[in-house]
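Undergrad: what's the 3D shape of this:
(2 chains)
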Number of protein chains: 2
Amino acid sequence: MHAALSSPAALPTEPVLPATTAARVRHEAYRRKIVSAQEAVQWIRPGDTVAISGFASAGTPKAVTPALAEHIRRTRATGGDFRVNLLTGASVSVETERMLAEVDGIALRMPYQSEATARGAINAGRMDYVDIHLSHVAQQVWEGYYGKVDVAVVEISGITERGELIPATSIGNNKTWLDVAEKVILEVNSWVPAAMDGVHDVYYGTALPPHRKPIQLTDVEDRIGQPYFHIDPAKVVAVVETNRSDSASALTAPDATSKAIAGHVLDFFAHEVAAGRLPANTLLPLQSGVGNVANAVLAGLDSGPYRGLTCYSEVLQDGMLDLIKDGTVRFASATSLALSEAGLKEFVDNVDFYRDHIVLRPQEISNHPEIVRRLGIIAMNGMLEADIYGNVNSTHVMGTRIMNGIGGSGDFARNGYLSMFLSPSTAKNGAISSIVPMVPHVDHTEHDVQVLVTEQGLADLRGLSPRRRSRLVVNNCAHPDYRDELLDYIERAEAAPGAGQTPHLLGEAFSFHDRLQRTGTMRAS
Amino acid sequence: MHAALSSPAALPTEPVLPATTAARVRHEAYRRKIVSAQEAVQWIRPGDTVAISGFASAGTPKAVTPALAEHIRRTRATGGDFRVNLLTGASVSVETERMLAEVDGIALRMPYQSEATARGAINAGRMDYVDIHLSHVAQQVWEGYYGKVDVAVVEISGITERGELIPATSIGNNKTWLDVAEKVILEVNSWVPAAMDGVHDVYYGTALPPHRKPIQLTDVEDRIGQPYFHIDPAKVVAVVETNRSDSASALTAPDATSKAIAGHVLDFFAHEVAAGRLPANTLLPLQSGVGNVANAVLAGLDSGPYRGLTCYSEVLQDGMLDLIKDGTVRFASATSLALSEAGLKEFVDNVDFYRDHIVLRPQEISNHPEIVRRLGIIAMNGMLEADIYGNVNSTHVMGTRIMNGIGGSGDFARNGYLSMFLSPSTAKNGAISSIVPMVPHVDHTEHDVQVLVTEQGLADLRGLSPRRRSRLVVNNCAHPDYRDELLDYIERAEAAPGAGQTPHLLGEAFSFHDRLQRTGTMRAS
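TA: Okay, here's the model as predicted:
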C-alpha cells in the first residue's frame, strides 16, 4: 500500500498517476483537487473554527495539521496574529496538539485534550477549553453553540469511485464535521490498510429535535448505517495525500497495582453473576477507559470464566485483539481503533476474521445515552480522586488545574447499568491520596457513582445512604496511610452540631489538598 | 362517585354491595379481598420493604399508610420494634411522610422526600435516605439493589371486569411495584374521577439488559402502552376501599421575583428562536419542576407568542389546564396529575377535551434518558445555589443537610437539549446568596448546566470555558449585594500562582458558607 509510480502503460497524454492515488482516490473530481498540505492550509484563516478528525491517537490529520502549525508560526513571525478554534473528536495525536499549542495557534479547544503544552496554555488562561460530554459534541455544534465551522480537516483512507469517503482508524465526529463545515480538506492516508474498508458503520439517522427517531440498535454488533461518509463535493477545497502512521504505542504489561484493581473488579463481576444480577459468561457490554488499569481489567477477563463478552466503548487497543482472537470477546464496538504497528499487522493479517468482530461508529453513537442505557453498559472509568461519599473528580488537580477532561466518562457513567470508577489509592509515591474528605471538583456526582475501586479493595455504594458509604469507601479503598485520618474526619463530621445527611466540616474539607499545597504531600507529618 | 349503599333491588341472598364497590371493584375475586385498612396492614411486618404509590401530592395510599403508622405506633408502645424500608415514586403526601416519620417507622427511604419530619430524621442520621435519579429507580429495584420488595401498597381508581387495575392520579413506579412485590395491597379510591380512565399510558416494554428494545415514542403525545396495570391476582392480599382527596393545593399567584425569573426565561426563548436554535411557536418539549418559579414561567408562556407547545414533565398542576384550554399547550405528558379540587373539577367537567391533551406515564418513561434525549427536552429546574463556574447544588443546605432530593432534575438536565437552573438570587431575606464561590455539594456538574437564571438575569454558559463563565454568572445572576465580593474572589483566584483552568482559592471557597454559619448571614459585615 506504499506510494509507487503508476505503470508505464498509462497513456502518454494523461498525467502520470501514482498507484497509490489510483487506488486511494478513485474519483477523478477529487484527484483534480490534490494539493500539498502547504497549499491546503491556505484555506484556513485567522479566527476560523477548524474541526479536525482524530480520536485518541487514531485518525488525526498528519500532513495538514503540521502545515497549519507552520503556517501559523510564519504568520506570527511577520507580526500577524493567527489563532483558530479547534474542534476534534477527543484527544488528537500528541504531536499535533503540541505543535499547534506551541505556536499559540489555538484560541478555543473542544471537547477533549491530553497533551502537556496545550494543558499548560489552558491552565494559564491563554487557551479557552470547553470540556463537555463527548456525546453532546455533535448536537451542540449542529445547533450552533460554537458558531459556524469554517474548515474541516478529515483524515480518510480513501475515496470510492462514487465519491464516498472511506473512514480511517477513527470516526469520532467526522460525519458531523463533513456535514457542517463550509470548506473541507480531505487527507487521504495510504498508511491506513485498505482492509479497514467495511469495518465502519456510519449512522446518518441522527437529527436535531423535533425530528429525532429511535436508533434501532439493540446489540453491540448491529450495523445500522453505512460504511462510508457522504460529502458534498462542492465543499471539498483540497485533497492531500499522506502515508503516515498513527502514533499509538504498544501496551505495557500491567503493574501490580493495576493487577490488584483488576482483581477486585473481576471478583465483583463474579459476585454479581452469583447474585443473579449479571448474566454468567457474557456479563453486559463493557466500556472501559484507556490506560494501565483498563488494560489490566481486560487482560484479567482473558483468564476468567468469560466467553462471548461484548464491548461497547470508545477506543480499542491491542489487548482487544487478543480477547477477540481467543473468543473471550465476541464483539467490540468503538469509535477509534488505536493499534500499535504490531497490533495493526495482526489486524490486517486476519482482517476477514476481525471484520466480523469489530465495528467503528461515530462517537455520537458510541456514547449515545439512548444506546448506553439500552445496552446496559458496565462503565469502568479512571478518576483522579473520589471523596468519602462517592463524588468523583476526573479532571481537575487541586480543583483548579485541568488534567485532561471528562471525555466520555459521563456519557457512560450516567446512563450505564453499572458505573464504576477505578484508580490506585495513591499517586506521586504515596504523597497524594485518591480518597479525600471532599473533592474540590466534581465531574461525577454521588448519584452517578456506584462502585469505587482501588488496589486496596472495592466499595459497592449501591443503595447506601451517604453515612453508610463513607466508612466503606475509606475502609475498602483508601490507602492505610490515610485511613485513620479519614475515619477521624468522618467521626468528627458526624458528631458536629446539625451534621446532616452528608456530614462534612467545611473548614477542613480540603485539608488534604491544603497540606499538599503547603508541604508537597497529603500525609500528616 | 361518592360511596352509597347499593340499590334495594339486590337479591336478598347476596351480600349487600355498595354502589361504589360495584362501580369500582368490577371483578368478583377482588371483591372477596376487600378488608379494612387495619386488617390490610397486618400483612406488613417489621423489616419489610414496602413500596407505595405516590408522586408529588398525587396518588399516595390514603387509608393504608395511616393505618400502618398506627400499627407501628401500637407495636412500639408494647415494646416491639417496627421499621420498614419505604420506596415510592417521588414525594408522597406530606401527611403520610410525616405520620410514618413521627412513629420512627422508616429505616430506609428511597428515592425522594420533601417533608420536614422525615428530613429531620434523615439529617440526624436516624433514617437512611437514598437520593437517586428517578429514572433509575425501577431498574435498580428490578435488579435487586434494594433486596426483595415484600409489600406493595398501590392506590388505583378501580378494577375492571377483567381484573385490570385502573391507575389513579399518578403512575410513578406503580407498574414496577405491582410487578416486583411479593404481596400487593390495593387501595381503590373512589374520589378519583372515573373519567380519569383512559388518561394513562402504561408501557410494559421495558426490561433489564440484555433484553431492552427501542422505546418507540417520538412525540410527546404518542401512546405506546395500555391504559391499565397488569397484576397477578394471587399476589393481591387485600383490597381497601377509600374515598379521600389528594392533598394538592391551588397555586398561588407568582410573586415579583418569580415573574422576573420567568421574564428572563421567556426573553431567552425568544432569543433562541430568533437565532434559529429553537422552533418558533412550538419551541421544544418543556420540562419544569414544581414551585413558584416554574409556575411563573408557565404563566408567562400564556402571554407569549406560543401556540401548540408541548410539555414532557413529571407533574402537571392547575396552571397546565389553562395553557391547554387556550391552545398555548397542545399536549402535556407527565407521571402525576396534582390538581387542586378546583382544578380537578375543571378537568372532570371537560374530561373528553383534556383526555386528548394529557397523558400520564410511568416515571420510567416520563424521565427516561432515551426519550429525554430524543425529544430534545428544555429542562427547567430549581436549585439551592450555583457556583461561579456553573456547578449546581440542588439538595444539600451548607453541603451537609438534605433539603429534598435530586428527583428527576438530573434525568432531564443530563440528557435534555437545554439544561436551565432557576432560583431567586437570594434567600432568607437576602441573608443567603444563591450564587457562591464554590458549592459545597454538587448535584449537577458544570458539564450539565447550560443556563443559570435568577431575577437579576440569565447567564448562558454554553460553549464557554470556566474563566469566561465566572464573571458572566456573577454579573448576570448574583444579587448586587454579593457581586463585588464574588468578583473580588474571581480576580484573586485568577491571580493566584498556578491558578489553572478553573481558578479557586480552596481556603476561601466556602467563605460565604462559613460566614453564614458563624453570623447567620452570608453578607460581609
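Undergrad: So for the closest residue to residue A:90 other than its chain neighbours, what's the pLDDT?
TA: Spatially, and ignoring its direct neighbours in sequence, residue A:90 is nearest to residue A:112 (4.2 Å; C-beta to C-beta, 6 or more residues apart in numbering or on different chains). Every C-beta, even on glycine, is put in place using the N, C-alpha and C of the backbone. On pLDDT, residue A:112 comes in at 97.
Undergrad: what's near enough to touch residue A:112?
TA: By C-beta atoms under 8 Å, 6 or more residues apart in numbering or on different chains, residue A:112 lies in contact with A:88, A:90-91, A:131, A:134, A:404-407.
Undergrad: what do you get for residue A:371?
TA: A:215, A:217, A:312, A:365.
Undergrad: where exactly do the helices run in the stretch 101-250 of chain A?
TA: Taking DSSP state H, counting those that start in this stretch as the test, the helices found in the stretch 101-250 of chain A are A:116-123, A:137-142, A:174-180.
Undergrad: So residue A:521 belongs to a helix, correct?
TA: No. Under DSSP: H, G, I helix; E, B strand; the rest coil, residue A:521 falls outside any helix and is assigned coil.
Undergrad: Run through the neighbouring helices and strands of the helix or strand of chain A with the lowest mean pLDDT.
TA: Every helix and strand of chain A was ranked by mean pLDDT, DSSP states H and E. The lowest is helix A:292-302, at a mean of 88. Counting contacts by 3 or more C-beta pairs under 8 Å, 6 or more residues apart in numbering or on different chains; DSSP states H and E, helix A:292-302 packs against helix A:256-274, strand A:286-288, helix A:318-325, strand A:378-382, strand A:418-422.
Undergrad: Just want the angle from it to helix A:318-325.
TA: 10 degrees (axes from the mean of the first three to the mean of the last three C-alpha atoms, to 10 degrees).
Undergrad: Residue of the stretch 51-200 of chain A nearest chain B, please.
TA: residue A:128 (3.9 Å; C-beta to the nearest C-beta).
Undergrad: Tell me the bridge partners for that residue.
TA: Beta bridges link residue A:128 to residue A:108 when assigned by DSSP bridges.
Undergrad: hang on, residue A:154 packs against residue A:183?
TA: No. Applying C-beta atoms under 8 Å as the test, residue A:154 and residue A:183 come out as separate, 11.5 Å apart.
Undergrad: Please say which of these two ends up with more neighbours.
TA: Using other C-beta atoms under 10 Å in any protein chain shown, the more surrounded residue of residue A:154 and residue A:183 is residue A:154, with 29 against 18.
Undergrad: which ones are touching that one?
TA: So residue A:154 contacts A:52-53, A:61, A:165, A:174, A:177-178, A:184-187, A:229 (C-beta under 8 Å, 6+ apart).
Undergrad: could you redo these as a markdown table and give each row neighbour count and pLDDT?
TA: Shown next, in a markdown table, are the contacts of residue A:154 (neighbours: other C-beta atoms under 10 Å in any protein chain shown; pLDDT from 0 to 100):
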| residue | neighbour count | pLDDT |
| --- | --- | --- |
| A:52 | 29 | 98 |
| A:53 | 30 | 98 |
| A:61 | 30 | 98 |
| A:165 | 25 | 98 |
| A:174 | 29 | 98 |
| A:177 | 25 | 98 |
| A:178 | 23 | 98 |
| A:184 | 25 | 98 |
| A:185 | 29 | 98 |
| A:186 | 30 | 98 |
| A:187 | 26 | 98 |
| A:229 | 23 | 98 |
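Undergrad: So which of the residues you listed are in strands?
TA: A:52, A:165, A:184-187 (DSSP state E).
Undergrad: out of those residues, which one sits closest to residue B:317?
TA: Closest to residue B:317 out of these is residue A:52 (48.6 Å), distances taken as C-beta to C-beta.
Undergrad: So the closest one sits against residue A:90, correct?
TA: No. Applying C-beta under 8 Å, one finds residue A:52 not in contact with residue A:90, separated by 11.4 Å.
Undergrad: which residues touch the spatially closest residue to residue A:217 that is not a sequence neighbour?
TA: Leaving aside its chain neighbours, residue A:217 sits nearest to residue A:224 (5.1 Å; criterion: C-beta to C-beta, 6+ apart). Going by C-beta under 8 Å, 6+ apart, residue A:224 touches A:201, A:203, A:205, A:215-217, A:365.
Undergrad: For chain B, see how far away residue A:224 is.
TA: 11 Å (C-beta to the nearest C-beta, to the nearest Å).
Undergrad: again with residue A:211
TA: 9 Å.
Undergrad: per-residue confidence for that residue?
TA: 96.
Undergrad: try residue A:7
TA: 45.
Undergrad: any idea of the mean pLDDT in stretch A:35-45?
TA: Mean predicted lDDT for stretch A:35-45 stands at 98.
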